[in-house]
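Colleague: For reference, the sequence and a predicted model appear below.
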Amino acid sequence: MSAIIVATNFSKTSNNAVLYAASLAQVLKIKLVFFNAFKLPLHASNTWLSSQSMEKLIEKDRDKLKKQALDVSEKFNIEVDFQCSYVDFEREIDTLMTSYNSRLLVIGMSEKSMEQNLLGNPTTTLISMKKFPVLAIPVKAQFKGIHKILFACDVMNDIPLRTLVKLRKIAVDLKAEVEVFYVEKKVNELQANKNTVENIEEGLENVTYLYKKVNSDAVINEIEKEIVKSKSDLLVMIPKKYGFWESITHKSKTRVMASGLDIPLLSIPIE
């Protein structure tokens, strides 16, 4: 990975994500790329604008992005680039990730609300749709190093080795310990799925890790409690893909966790 992409719209939430991403880029000694998808202000979109007026609005947005990038580069002593797009964010981000050879998108995470739990938000949409890791940063999260990673997983579902290798690389680069946290009702199911356990052990080779299991029906609550108990700096989850009919009756645990956390959530897609 040669760069971290951070999405910004100059809001309080995204500004905090920018600062977190800058700290992370500083630790990893890699480039940070700011990305802003320009949108017309509501009052402007409801009026007729000349091409000249439109260009002025776009240039103002670009200047704002450039200033933010230069300020962060100077403050953190890191290489910072910036890109402004005028097309759909979700489509453009794929091109950007490829052109910068990036394997990590950082984005701000909104606080929890009933509406987001039901309908999701831009962060949860990216997590469910994209094939690259997404690091969601809560508005209250501050970078103080990542020493303890909580990997909340379902060992009864196959976790491909290639996905675990991504987690291993992150843990090694950050010199972090990993706790494999497993919530299940049945006492002996961890031993039952030996293939997944073997993949975890191979995938996390050379990483200090431990297993912890809780028997409960309340998966989300147990993860939230373990974050506090273990004093984790980062939560890692692997979003499960549902088909159309399953998606009506199931709500992704990763999506639910992607709002209202106090620590960042790293979503690593299955490959």
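Modeller: Yep, that arrived. Numbers count the residues shown, from 1 in each chain.

Colleague: what's the domain layout of this protein?
Modeller: Domain assignment for the chain by automatic domain parsing gives 3-103, 148-267.

Colleague: could these be laid out in TSV, adding mean pLDDT?
Modeller: Compiled in TSV, the domains of the chain are given as follows (pLDDT from 0 to 100):
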stretch	mean pLDDT
domain 3-103	84
domain 148-267	77
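
Colleague: Format those as TSV; extra columns: distance to Ser110.
Modeller: The C-beta positions use only the backbone N, C-alpha and C, and glycine is treated the same way. TSV is the format used below for the domains of the chain (distance: least, CB to CB, whole Å):
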stretch	distance to Ser110
domain 3-103	6
domain 148-267	6
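
Colleague: mind checking which of these is nearest Pro138?
Modeller: domain 148-267 (5.2 Å; CB to CB).

Colleague: So what's the gap between the closest one and the chain middle?
Modeller: Remark: domain 148-267 is offset 14 Å from the chain centroid, using CA atoms, centre = their mean, to the nearest Å.

Colleague: Show the end-to-end separation of that domain, please.
Modeller: End-to-end distance of domain 148-267 (CA to CA, to the nearest Å): 16 Å.

Colleague: which residue ranges form the helices in this protein?
Modeller: Along the chain, counting by DSSP state H, helices occupy 12-28, 42-45, 51-76, 89-99, 114-119, 122-129, 161-174, 189-192, 194-203, 219-230, 244-249, 253-257.

Colleague: any idea of the angle the third one forms with helix 12-28?
Modeller: Note on geometry: by axes from the mean of the first three to the mean of the last three CA atoms, to 10 degrees, helix 51-76 and helix 12-28 are set 50 degrees apart in direction.

Colleague: out of the domains of the chain, nearest to Ile137?
Modeller: Going by CB to CB, the one of the domains of the chain nearest Ile137 is domain 3-103, 4.1 Å.

Colleague: quick one, which of the domains of the chain is nearest to Lys131?
Modeller: So among these, domain 3-103 is nearest, using CB to CB, at 8.6 Å.

Colleague: Just the endpoints, please. Distance across that closest one?
Modeller: 8 Å.

Colleague: picking that back up, output the domains of the chain in CSV, with distance to Phe132 and mean neighbour count appended to each entry.
Modeller: Formatted as CSV, these follow (distance: least, CB to CB, whole Å; neighbours: other CB atoms under 10 Å):
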stretch, distance to Phe132, mean neighbour count
domain 3-103, 6, 16
domain 148-267, 10, 16
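
Colleague: so which of those comes closest to Gln142?
Modeller: domain 3-103 (7.3 Å).

Colleague: Let me see the contact set for Val178.
Modeller: Counting by CB atoms under 8 Å, 6 or more residues apart in numbering, Val178 makes contact with 149, 151, 167, 171, 204, 207-210.

Colleague: And Ile149, by the same measure?
Modeller: Residues near Ile149 by CB under 8 Å, 6+ apart: 167, 170-171, 174, 176-179, 232-236.

Colleague: if I look at it, how far off is Phe181?
Modeller: 10 Å (CB to CB, to the nearest Å).

Colleague: In stretch 137-148, which residues are buried?
Modeller: 137-139, 141, 143, 146, 148 (16 or more other CB atoms under 10 Å).

Colleague: now, the most widely separated pair of those?
Modeller: So, these by CB to CB: farthest apart are Val139 and Lys148, at 21.4 Å.

Colleague: which residues does the nearest residue to Arg62 once chain neighbours are set aside bridge with?
Modeller: Setting aside the residues directly before and after it, Arg62 is nearest to Cys84 in space (CB to CB, 6 or more residues apart in numbering), at 4.8 Å. Assessed by DSSP bridges, Cys84 has beta-bridge partners Asn36.
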